[in-house]
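Colleague: Got a predicted structure plus its sequence, pasted below:
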Amino acid sequence: NAGVTQTPKFRILKIGQSMTLQCTQDMNHNYMYWYRQDPGMGLKLIYYSVGAGITDKGEVPNGYNVSRSTTEDFPLRLELAAPSQTSVYFCASSSSSGGPAWIQYFGAGTRLSVL
Amino acid sequence: AQKITQTQPGMFVQEKEAVTLDCTYDTSDPSYGLFWYKQPSSGEMIFLIYQGSYDQQNATEGRYSLNFQKARKSANLVISASQLGDSAMYFCAMREARVDRGSTLGRLYFGRGTQLTVWP
């Protein structure tokens, strides 16, 4: 079972470069999320989506963009990378039903360094 | 105000002993869910246990149980019979129920985590 798949696992960017972090899920979940985790901290929400064509900002959206053209895919775009975007990025998905369906399942993460 | 507070940056426990990891939360929403995730040194986030705000009984999953005290707004994780493989960072998280665009928003608020070390 693939679950949530993120690529790449590691990436080094130069300041000012752009890149797209890929995320795909095969659980037919409506909800998808992007988080970042800085050293010694919990996760902070960057963007989320409640379904194809619908996205919205989370707590820390500046410097990022997302799109959701299909249920399965939720790519995160970094434009003009800055050192402050050095972090570990997690994609997650969950069902739209209530209760235990709220459980979010995470990808393995992308470790990004901006130098 | 912090939605989730984990006051123990690090905890140590001997193998086969039980350990409690503390978590308090802050919400005015009557409907919410509480979660614990484990993050081993390899970095992935592994779901451990879930407790709904209307659940009457404490959640249990194998060696994990969630000590849910609603009036105190606490959701402590209890790991029984600790194993060396339990050494990891543990995160408490909360999801509030909120209707947005006809769907329920499902963002999680995370604490800063507790680093658990199990020694032989």
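Modeller: Yep, that arrived. These numbers come from a predicted model, not from an experiment.

Colleague: Who does residue 36 form a beta bridge with?
Modeller: Since you didn't name a chain, this refers to chain A. residue A:44, residue A:89 (DSSP bridges).

Colleague: if you could check chain B rather than the one you did, that'd help
Modeller: residue B:49, residue B:92.

Colleague: residues touching it, list them.
Modeller: B:21, B:23, B:48-49, B:64, B:66, B:75, B:77, B:90-93 (C-beta atoms under 8 Å, 6 or more residues apart in numbering or on different chains). Using the backbone N, CA and C atoms, a C-beta is placed for each residue, glycine as well.

Colleague: Looking at these, which two lie furthest apart in space?
Modeller: B:64 and B:93 (14.5 Å; C-beta to C-beta).

Colleague: give me the low-pLDDT residue ranges for chain A?
Modeller: A:1, A:97-101 (pLDDT under 70).

Colleague: Tell me which residue lies nearest the centroid of it.
Modeller: Against the mean C-alpha coordinate of chain A, by C-alpha atoms, centre = their mean, the closest residue is residue A:34 at 2.7 Å.

Colleague: Report the secondary structure state of that one.
Modeller: strand (DSSP: H, G, I helix; E, B strand; the rest coil).

Colleague: so how far is chain B from it?
Modeller: The gap separating residue A:34 from chain B is 11 Å, by C-beta to the nearest C-beta, to the nearest Å.

Colleague: Can you tell me, leaving aside adjacent residues, what's nearest to that residue?
Modeller: residue A:46 (4.4 Å; C-beta to C-beta, 6 or more residues apart in numbering or on different chains).

Colleague: Tell me who's in contact with that neighbour.
Modeller: Here residue A:46 is in contact with A:34-36, A:58-61, A:64, A:66, A:76, A:89 (C-beta under 8 Å, 6+ apart).

Colleague: how about CSV for those, with distance to residue B:33 added?
Modeller: Output for these, formatted as CSV (distance: C-beta to C-beta, whole Å):
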residue, distance to residue B:33
A:34, 20
A:35, 17
A:36, 22
A:58, 18
A:59, 19
A:60, 22
A:61, 24
A:64, 26
A:66, 24
A:76, 25
A:89, 24
